[in-house]
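J.: Kindly return the folded structure for what I paste below:
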Amino acid sequence: MSNKPLSKKGPLIQIIESGLEIWVRTQCQSIGKIKIEINASALELLTGRFSGAKIKANDVIFKGLPFYEVSLTSNSLHLQIDLSNKKQKVSLKDIFEVQGRISLESQSLNKIIFSKQWSWIGDWLAKNLLEVTKLEALSIKGNSIEAKSTGKDPVINSNNVEFLEVEANSGTLIFKNKSKDISKLLPMDPSIFIDSATLEDEKLHLTGYSKIKP
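T.: Below you'll find the model as predicted:
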């Protein structure tokens, strides 16, 4: 039996891609546009094991983190396909790895630092990089992040502005405040590895990989 990728998408491939989209949407609080592509051979369709998938989406909120744009490629996937199940025709069986790029705007960064779940990041930046009590706002300006904050005395420190640089280091992000000669590594989930961080087009672009448990 041929193991070459199918040149045209048959109905089963379309069902699997739609099923994966449903699964992805259930993992996120919200998603705007999303596109999923699977290139599968006839043998892979029979076994339920696929060499991988590509996902592109925008306006994604995942675990409370808002992303402007997401572009991911997975490694091999083991899918269970049940065409008789009207609600969930496709489910994932094993842990898999995704790699790719996510992008965040200034608005995304501010939503993160003011969210209940992730406000510790804003507190961490204020304490460790700015040496102040409270972070007020973040804004991407060129190749740096403008951080506005207030100190212990909000009257005296009402217009405190610092500029932070960010890059990838040891699988996480390192923030640098050159005016204070401070560099700190952001605590990171061990299942996530960041290998690149750039500030371009008024956005923070991160590339890396992560393990996903279904």
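J.: Going by C-alpha atoms from here, please, whenever you check contacts or count neighbours.
T.: Noted.
J.: got the CA positions of the longest helix anywhere in the chain in CSV?
T.: The longest helix of the chain (DSSP state H) is helix 11-27. The C-alpha trace of helix 11-27 is given here as CSV (Å, rounded to 0.1, in the frame of the first residue of the first chain):
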residue,chain,number,x,y,z
PRO,A,11,-13.8,13.6,3.2
LEU,A,12,-12.0,11.6,5.9
ILE,A,13,-9.1,14.2,6.1
GLN,A,14,-11.6,17.0,6.2
ILE,A,15,-13.4,15.3,9.1
ILE,A,16,-10.2,14.8,11.0
GLU,A,17,-9.1,18.4,10.5
SER,A,18,-12.6,19.6,11.7
GLY,A,19,-12.3,17.2,14.6
LEU,A,20,-8.9,18.6,15.6
GLU,A,21,-10.2,22.1,15.3
ILE,A,22,-13.0,21.2,17.7
TRP,A,23,-10.4,19.7,20.1
VAL,A,24,-8.2,22.8,19.9
ARG,A,25,-11.1,25.1,20.6
THR,A,26,-12.0,23.1,23.7
GLN,A,27,-8.5,23.7,25.0
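J.: what's that helix in contact with?
T.: 31, 34-38, 40, 45, 62, 81, 88-91 (C-alpha atoms under 8 Å, 6 or more residues apart in numbering).
J.: just checking, which of these belong to strands?
T.: 34, 35, 36, 37, 38, 62, 81, 90, 91 (DSSP state E).
J.: In contact with the last one: list those residues for me.
T.: Yep, that's residue 91 we're talking about. With contact set as C-alpha under 8 Å, 6+ apart, residue 91 has these partners: 19, 20, 23, 79, 80, 81.
J.: May I ask which of the residues you listed has the most neighbours?
T.: Using other C-alpha atoms under 10 Å as the neighbour test, the contacts of residue 91 are led by residue 20, with 23 neighbours.
J.: quick one: that residue from residue 90, how far?
T.: Distance of residue 20 to residue 90, given as C-alpha to C-alpha, to the nearest Å: 6 Å.
J.: same question, residue 12
T.: Here the criterion is C-alpha to C-alpha. By it, residue 12 lies 11 Å from residue 90.
J.: quick one: which of those two has more around it?
T.: residue 90 (22 against 12).
J.: Surely the more buried one and residue 82 touch.
T.: Yes. The pair residue 90 / residue 82 is scored as a contact, 6.3 Å apart, by C-alpha atoms under 8 Å.
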